[in-house]
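Novice: the sequence and its predicted three-dimensional model are supplied below.
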Amino acid sequence: MSIVRPTPEKILEAARALNDGKLIGMPTETVYGIAANALNEAAVEKTFSLKGRPAENPLIVHVANVEQAQSLVNEWPADATTLASLFWPGPLTIVLPKTDRVPDIVTAGLHTVAVRMPRHPIALSLIQQAGVPVSAPSANKFKSLSPTSASMIDSLIAQGLEMILDGGPCEVGIESTVVDLTGDQPVVLRHGQITEEQIADALHTTVSTGSAEERRSPGMYPRHYAPRTAVQIVDRLLPGHAGITLESPNGPNQIALSSNAKEYAKHLYQSLFDLDQMRIGKIWIQSPPRTSEWQAVWDRLKKITG
């Protein structure tokens, strides 16, 4: 696994590799991604192949600025301007009608494209240096646990990457919120750190939630983001349960996470990864609160146990 310190020289080398059609392990504030030149069909195809990702599952295109995002879409509505001004750079993806500039393989043949401006300085620098929009699905095998540190990236994935830029632990730790602005009403297709309430407040409108049958966004399969070990959610961990608790551990192999939803999300995947390495029979997770702040965490827990 070629994990490198993201010096300016290495970022420039990675940018050149992207323009040569190669793949890069890229940190973002959400999770680590497999970066490819989104305008290079062959590079994007390598991404699908490396992940074992079905062609029906569209990718998110990462951009360095609003102007680059606007170059990929046919329409840029006022709502997009509002959301971008409030939440970009950051963990919000916006779905809009695409231009022919975006290869169909990126969008799974859809007439829409999902775009995001990441907040991680290394990701932004890489995209700026490459001068092209970058597709960057999570650096994992399809439906498996997303990596939130360079060392979490599976060795089989790493073999297909030119290098992995080590940006440290991810600040957010779960995938971005995805909001579709192509209809009469904004639709959240995937929950993340930016909540439905925040989007509704920003746009002064009602926001609905997309159904699992729709494939306009990544992360809409019933089972996703899962470790190899089976996971079960319970009210409270018993002394013999290895897993994640919101209380003080009362047995071995128990990891206590914060009762703050954002902090919990930040450490969720890393904790699941650590427990997965223990080769235990089952991972037990104490049920978190059901409040709106925990909506994105519950989205991941339901998919992990789906």
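Specialist: Yep, it's here.
Novice: which stretches of the stretch 1-150 of the chain form helices?
Specialist: Ranges of helices in the stretch 1-150 of the chain, per DSSP state H, counting those that start in this stretch, are 8-19, 41-51, 66-70, 78-87, 121-130.
Novice: closest to Phe273 out of those?
Specialist: Nearest of these to Phe273, taken as Cβ to Cβ: helix 41-51 at 17.3 Å. The C-beta positions use only the backbone N, C-alpha and C, and glycine is treated the same way.
Novice: picking that back up, looking at the helices of the stretch 1-150 of the chain, which is buried most?
Specialist: helix 121-130 (a mean of 21; mean count of other Cβ atoms under 10 Å).
Novice: CA atoms only: put that one into PDB for me.
Specialist: Written as PDB, here are the backbone C-alpha positions of helix 121-130 (Å, rounded to 0.1, in the frame of the first residue of the first chain):
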ATOM      1  CA  PRO A 121      -7.700  21.000   1.900                       C
ATOM      2  CA  ILE A 122      -5.800  18.100   0.200                       C
ATOM      3  CA  ALA A 123      -8.800  17.100  -1.900                       C
ATOM      4  CA  LEU A 124      -9.400  20.700  -3.000                       C
ATOM      5  CA  SER A 125      -5.700  21.100  -3.800                       C
ATOM      6  CA  LEU A 126      -5.600  17.900  -5.800                       C
ATOM      7  CA  ILE A 127      -8.700  18.900  -7.800                       C
ATOM      8  CA  GLN A 128      -7.300  22.400  -8.400                       C
ATOM      9  CA  GLN A 129      -3.900  21.000  -9.500                       C
ATOM     10  CA  ALA A 130      -5.500  18.400 -11.800                       C
END
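Novice: and it, what does it pack onto?
Specialist: helix 8-19, strand 24-26, strand 33-37 (3 or more Cβ pairs under 8 Å, 6 or more residues apart in numbering; DSSP states H and E).
Novice: which of the helices of the stretch 1-150 of the chain sits closest to Val115?
Specialist: Comparison of the helices of the stretch 1-150 of the chain against Val115 by Cβ to Cβ identifies helix 66-70 as nearest, at 4.5 Å.
Novice: contacting residues around the nearest residue to Thr99 once chain neighbours are set aside?
Specialist: Nearest non-adjacent residue to Thr99, counting by Cβ to Cβ, 6 or more residues apart in numbering: Asn74, 5.5 Å away. Taking Cβ atoms under 8 Å, 6 or more residues apart in numbering, we find Asn74 in contact with 96-99.
Novice: so which of those residues sit within strands?
Specialist: 96-97 (DSSP state E).
Novice: out of the contacts of Asn74, which are buried?
Specialist: Buried members of the contacts of Asn74, scored by 16 or more other Cβ atoms under 10 Å, are 96-98.
Novice: for this protein, which helix is longest?
Specialist: helix 261-276 (DSSP state H).
Novice: packing partners of that one?
Specialist: So helix 261-276, by 3+ Cβ pairs under 8 Å, 6+ apart, packs with strand 243-245, strand 254-256, strand 283-286, helix 295-304.
Novice: if we go to 7 Å?
Specialist: When contacts are defined as 3 or more Cβ pairs under 7 Å, 6 or more residues apart in numbering; DSSP states H and E, helix 261-276 packs onto strand 254-256, helix 295-304.
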